[in-house]
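A.B. asks: I would like the atomic coordinates for the input below:
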Amino acid sequence: MDGQNRKDIYPGLEVGIILKKDQRSGNITYGVVKDLLTSSAFHSRGIKVRLEDGQVGRIAEIIED
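C.D. replies: Model prediction:
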């Protein structure tokens, strides 16, 4: 899963996101989803989420157990 479909994302999911400031470098920040901020069912650059620590970014990868 690549984080482009809203149906795959839910609070408590462990993900890697790209913060706005890291878009050029592609640095990935890891954390747990608190809120989904994108309302559409699909987004080509990744669904935007807020992590439990308050950071906001677009999902780059989903960490699967």
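A.B. asks: C-alpha only now, for contacts and for neighbours.
C.D. replies: Fine.
A.B. asks: I'd say residue 3 and residue 44 touch.
C.D. replies: No: here residue 3 lies out of contact with residue 44, judged by C-alpha atoms under 8 Å, at a distance of 9.1 Å.
A.B. asks: Show me which of those two is the more surrounded one.
C.D. replies: residue 3 (23 against 9; other C-alpha atoms under 10 Å).
A.B. asks: Distance check, the more buried one against residue 19.
C.D. replies: In this view, residue 3 and residue 19 are 14 Å apart by C-alpha to C-alpha, to the nearest Å.
A.B. asks: residue nearest the centroid of this structure?
C.D. replies: With distances taken as C-alpha atoms, centre = their mean, residue 59 lies nearest the centre of the chain, 2.6 Å away.
A.B. asks: Could you check how many residues crowd around residue 21?
C.D. replies: Residues near residue 21, counting by other C-alpha under 10 Å: 10.
A.B. asks: Make sure it is indeed in a strand.
C.D. replies: No: applying DSSP: H, G, I helix; E, B strand; the rest coil, one finds residue 21 to be helix, outside a strand.
A.B. asks: how about residue 10, what does it touch?
C.D. replies: Counting by C-alpha atoms under 8 Å, 6 or more residues apart in numbering, residue 10 touches 33, 35-36.
A.B. asks: tell me the mean pLDDT over the helix or strand hosting residue 32?
C.D. replies: If you go by DSSP states H and E, residue 32 is part of strand 29-36. Here strand 29-36 scores 97 as its mean pLDDT.
A.B. asks: neighbouring strands for that strand, and are they parallel or not?
C.D. replies: The pairing partners recorded for strand 29-36 under DSSP bridges are strand 14-19 (antiparallel), strand 48-51 (antiparallel).
A.B. asks: Kindly reformat the ones you listed as a markdown table containing mean pLDDT and mean neighbour count.
C.D. replies: Shown next, in a markdown table, are the strands paired with strand 29-36 (pLDDT from 0 to 100; neighbours: other C-alpha atoms under 10 Å):
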| stretch | mean pLDDT | mean neighbour count |
| --- | --- | --- |
| strand 14-19 | 97 | 23 |
| strand 48-51 | 98 | 23 |
